[in-house]
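**Q** quick one: sequence plus predicted model below, questions after.
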Amino acid sequence: MAHGKTPLSYKPISVGLILLVFALLMSIVGLHKVPLEYYHSGTLGPGNYTIGNDSFENGYLVYNRTLVLTSSNASIIAGEADSPARPMNLTSNVTLNPNDRPFLEVLSGNVSYTYKARAWKYPYSTLAIPAFILMVVGTVLVFVGYVRLNSMRR
């Protein structure tokens, strides 16, 4: 009776393969990414400043930061979290590409700045958990179905 069944016509195997296809589609959709950008500019007088938006910087995977500093005559100390600060005398434009949120200490003069941070947002990343569960259930169904089908053929 079971001799005529093909693996795809056996219910546990076909349901398991369908679950695996759904898991694959869900994981592909979960990889969809959307670029985001934070932009801020202004003028800074003497004092200590941390540039950027805390919720943006910590909420997304930031892949590119650009800080452009402009002044005719200013003395500053620029740095970021994991690198040593460096003193500079600004007489024109300086472009920095920090790896972390930059901080500035303006010692004298005024500094105009433009800060851009670009990041990726993965809006469907929550599909990874159900896709993983479907993948595990689908794999178990295919394996158990295949074992049972082979035992019924003997």
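**A** Great, that's in hand.
**Q** CA only for contacts and neighbour counts going forward, please
**A** Will do.
**Q** partners of the residue nearest in space to the middle of the chain in the sheet?
**A** In the chain, the residue lying closest to the centroid (Cα atoms, centre = their mean) is Leu61, at 4.0 Å. On the basis of DSSP bridges, Leu61 is bridged to Trp120.
**Q** which ones are touching it?
**A** Residues near Leu61 by Cα atoms under 8 Å, 6 or more residues apart in numbering: Ala119, Trp120, Lys121.
**Q** scan those residues and report the most crowded one.
**A** Counting by other Cα atoms under 10 Å, Ala119 has the largest number of neighbours within the contacts of Leu61, with 19 neighbours.
**Q** from Pro12, how far out is that one?
**A** Counting by Cα to Cα, to the nearest Å, the separation of Ala119 from Pro12 is 43 Å.
**Q** again with Glu57
**A** In terms of Cα to Cα, Glu57 sits 47 Å off from Pro12.
**Q** compare those two (neighbour count), which wins?
**A** Higher neighbour count among Glu57 and Pro12: Pro12, with 21 against 17, using other Cα under 10 Å.
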